[in-house]
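1. this is a predicted model, with the sequence first.
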Amino acid sequence: MKEREVKRSENNPKPPMTPASQIVSAAEERQDAPSAAKELQQDPNGEVRGRAFEKNDFPLNADLLKRFQFTLAGREVVDGRTALRIDFKPVPGELPVHTLRDRFINKAAGRIWVDENEFALVKVDLHLTEPVNVIGGLVGAVRQCRYRFQRERTAEGLWFTKQVNWHLEGRQLFTSKIIDYDETRENVRKAW
């Protein structure tokens, strides 16, 4: 059975940031950690319960960036704008694992496209390099996951997420699941 759901959303973007201000320092993040921890319920193993992951669960900070090797793969024109094409993969060796999020992050690799003029993230294509078990494989496992999104710049200079899609294959307890998600935003215009 296929489900289809249409949602309407409103976006109030912030003005573009300079490249240096885009990365939150680890110290600033630690100051915010107590309030973020209150929102999440965690079991003794550090697993998040009660809700799906959201983009705020993966802040772009020094801790996240040091887990990856980045390689400039070239330049590419995306929607008429020059973008830097950057490949990334986990750094060799053991990476810290404190939560389920860490297990996913540590096994992610892919490619990002960054606007060369504004340093805005334009496209992302990431995948898992190997399966991820949930609580040792007892509760479930994610065998395959691919996540992609593309952003577009409006005439006013604001960036919005135009398209998101992901594919996941895994097991939840005794049930195998395949989930495909596609989201497209069209006719985005200034509301004020």
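-> Looks like it came in fine.

2. from R143, how far out is R171?
-> Separation of R171 from R143 (Cβ to Cβ, to the nearest Å): 7 Å. All C-beta spots, glycine's among them, are computed from the backbone N, C-alpha and C.

3. and the helix or strand that contains R143, what's buried?
-> For R143, the host element (DSSP states H and E) is strand 140-153. Neighbour-count burial for strand 140-153 flags 140-143, 145, 147-153 (criterion: 16 or more other Cβ atoms under 10 Å).

4. what is the nearest of those to D125?
-> R148 (4.9 Å; Cβ to Cβ).

5. how about that closest one: what's its closest non-neighbour residue?
-> In this structure, R148 finds its nearest non-sequential neighbour in D125, 4.9 Å apart by Cβ to Cβ, 6 or more residues apart in numbering.

6. who's in contact with V134?
-> V134 makes contacts with 47, 100, 140-142, as judged by Cβ atoms under 8 Å, 6 or more residues apart in numbering.

7. which residues does A83 bridge with?
-> Beta bridges link A83 to E76, D115 when assigned by DSSP bridges.

8. that one - how many residues pack around it?
-> Residues within reach of A83, counting by other Cβ atoms under 10 Å, total 21.

9. check it and give its pLDDT.
-> pLDDT, A83: 97.

10. contact partners for it?
-> Residues near A83 by Cβ under 8 Å, 6+ apart: 75-77, 113-116, 122-123.

11. if you rank these by neighbours, which is first?
-> In terms of neighbours by other Cβ under 10 Å, the contacts of A83 top out with V122 at 25 neighbours.

12. OK, contacts around the residue lying closest to that one once chain neighbours are set aside?
-> For V122, ignoring the flanking residues on the chain, the nearest one in space by Cβ to Cβ, 6+ apart is W113 at 4.4 Å. By Cβ under 8 Å, 6+ apart, the contact list for W113 reads 76, 78, 83-86, 121-124.

13. now render these as a markdown table, adding distance to R185.
-> Shown next, in a markdown table, are those (distance: Cβ to Cβ, whole Å):
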| residue | distance to R185 |
| --- | --- |
| E76 | 22 |
| V78 | 16 |
| A83 | 19 |
| L84 | 24 |
| R85 | 23 |
| I86 | 24 |
| L121 | 16 |
| V122 | 15 |
| K123 | 15 |
| V124 | 16 |
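
14. and T82, how many residues sit next to it?
-> Residues within reach of T82, counting by other Cβ under 10 Å, total 13.

15. I'd say it and E116 touch.
-> Yes: between T82 and E116 there is a contact at 4.5 Å, judged by Cβ atoms under 8 Å.
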